[in-house]
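Visitor: from the sequence below, what's the structure:
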Amino acid sequence: MLLNCDLGESYGNWRMGLDEEVMPFLDQANVACGFHGGDPLTMEKTLKLAAEHNVCVGAHPAYPDLVGFGRRSMALSCEELRSTLLYQIAALDGMAQTMGVRIEYVKPHGALYNDMMADGAVRETVMQTVAEYVKPLRLMLQATAESDQHQKEAAALGLPLWFEAFADRCYDDDGRLLSRRKPGAVHDRARMLAQVEQLAREASVTTVSGKTLALEVDTLCVHGDNAEGVQAIREIRQLLAHA
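Guide: Just a heads-up that it's a prediction; the model follows:
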């Protein structure tokens, strides 16, 4: 199982995450593209840091929502969503090319990620946009009980997928992430490490009500804005290595 993290989410004088401390332990860096976090200088620094540590880079596009950090849904048309995604992916890709870095995948952020998982029309637009990009890219999306159906949708477009689980987020009984508005949605250190170990050894998570949910997972996410997760990244890496 690979380890990924959302990075490059600082903006101007506002600082988010501990990118330099986290990057050495990662396999994949999901780099913000400016719409929920990230600015040109931050993007460039994050790409350079990823290259220094030989970390695979993906674009982390969002709804245009800097004030809400991309966590608010927006009623974009399919055309607007497609252009919004292309704009962000191309911006990061163009900057990466000048630095000799290759963008390998796309992972939507925040509300766009959640909407993609819940709304078939949004997911179709995201999949089509990534599949039709000028160079081959993978799409990263959440591993759920519906992963087989999502795999079929992507295969019809010739789009390869990476399925991910989350180290630091609680799951509901349907396999979705528990809303951040609800108590216990974000794990503390102990619960997070226990969930990582369960995913690594048993390929499952325990839901908010105590049910066991089996998941086939390619990559594990630790959120860059979760201080508990960032500080435990070394332990998470060790758990994955010894599973």
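
Visitor: show me which helix runs longest in this structure.
Guide: With DSSP state H setting the assignment, residue counts place helix 78-98 as the longest helix in the chain.

Visitor: who does it touch, helix- and strand-wise?
Guide: Using 3 or more C-beta pairs under 8 Å, 6 or more residues apart in numbering; DSSP states H and E, the elements in contact with helix 78-98 are helix 40-52, strand 56-60, strand 103-106, helix 120-131. Using the backbone N, CA and C atoms, a C-beta is placed for each residue, glycine as well.

Visitor: which residue ranges form the helices in this structure?
Guide: Going by DSSP H, the chain shows helices at 19-22, 40-52, 78-98, 110-118, 120-131, 147-155, 189-202, 227-231, 233-241.

Visitor: contacting residues around the residue nearest to residue 51 when sequence neighbours are not counted?
Guide: Counting by C-beta to C-beta, 6 or more residues apart in numbering, residue 51 lies nearest to residue 101, which is 5.2 Å off, once chain neighbours are set aside. Taking C-beta atoms under 8 Å, 6 or more residues apart in numbering as the contact definition, residue 101 lies against 47, 50, 51, 57.

Visitor: what is the burial count for the third one?
Guide: Think residue 51. Counted with other C-beta atoms under 10 Å, residues neighbouring residue 51 total 16.

Visitor: ok, the first one next?
Guide: For residue 47, the count of nearby residues is 24 (other C-beta under 10 Å).

Visitor: which residues does the nearest residue to residue 158 once chain neighbours are set aside contact?
Guide: Nearest-residue entry for residue 158: residue 131, 6.1 Å, with adjacent residues in sequence omitted and distances by C-beta to C-beta, 6+ apart. Residues in contact with residue 131, defined by C-beta under 8 Å, 6+ apart, are 154, 157, 158, 159.

Visitor: most neighbours out of those residues, which is it?
Guide: Each of the contacts of residue 131 was scored by neighbour count (other C-beta under 10 Å); the top score is that of residue 159, with 22 neighbours.

Visitor: surely that one meets residue 130?
Guide: Yes: at 6.2 Å, residue 159 counts as touching residue 130 under the criterion of C-beta atoms under 8 Å.

Visitor: and of the helices and strands packed on helix 78-98, who's closest to residue 72?
Guide: Among the helices and strands packed on helix 78-98, the nearest to residue 72 by C-beta to C-beta is helix 120-131 (14.4 Å).

Visitor: output that closest one as CSV, nothing but the C-alphas.
Guide: Extracted as CSV, the C-alpha positions of helix 120-131 are listed here (Å, rounded to 0.1, in the frame of the first residue of the first chain):
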residue,chain,number,x,y,z
GLY,A,120,-22.6,10.0,-10.9
ALA,A,121,-22.8,13.0,-13.2
VAL,A,122,-19.9,14.7,-11.4
ARG,A,123,-17.9,11.5,-11.4
GLU,A,124,-18.5,11.1,-15.1
THR,A,125,-17.3,14.6,-15.8
VAL,A,126,-14.2,14.1,-13.7
MET,A,127,-13.4,10.8,-15.3
GLN,A,128,-13.9,12.0,-18.8
THR,A,129,-11.7,15.1,-18.2
VAL,A,130,-8.8,13.1,-16.8
ALA,A,131,-9.1,10.4,-19.4
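
Visitor: and the longest helix of the chain, which residues are buried?
Guide: Counting neighbours by 16 or more other C-beta atoms under 10 Å, one finds that the buried residues in helix 78-98 are 81, 82, 84, 85, 86, 88, 89, 91, 92, 93, 95, 96.

Visitor: show residues contacting that helix.
Guide: 31, 33-35, 40, 43-44, 47, 57, 59, 61-64, 76, 102-103, 106, 108, 121-122, 125-126, 128-130, 133, 135, 137.

Visitor: having no further points to raise, I will conclude here.
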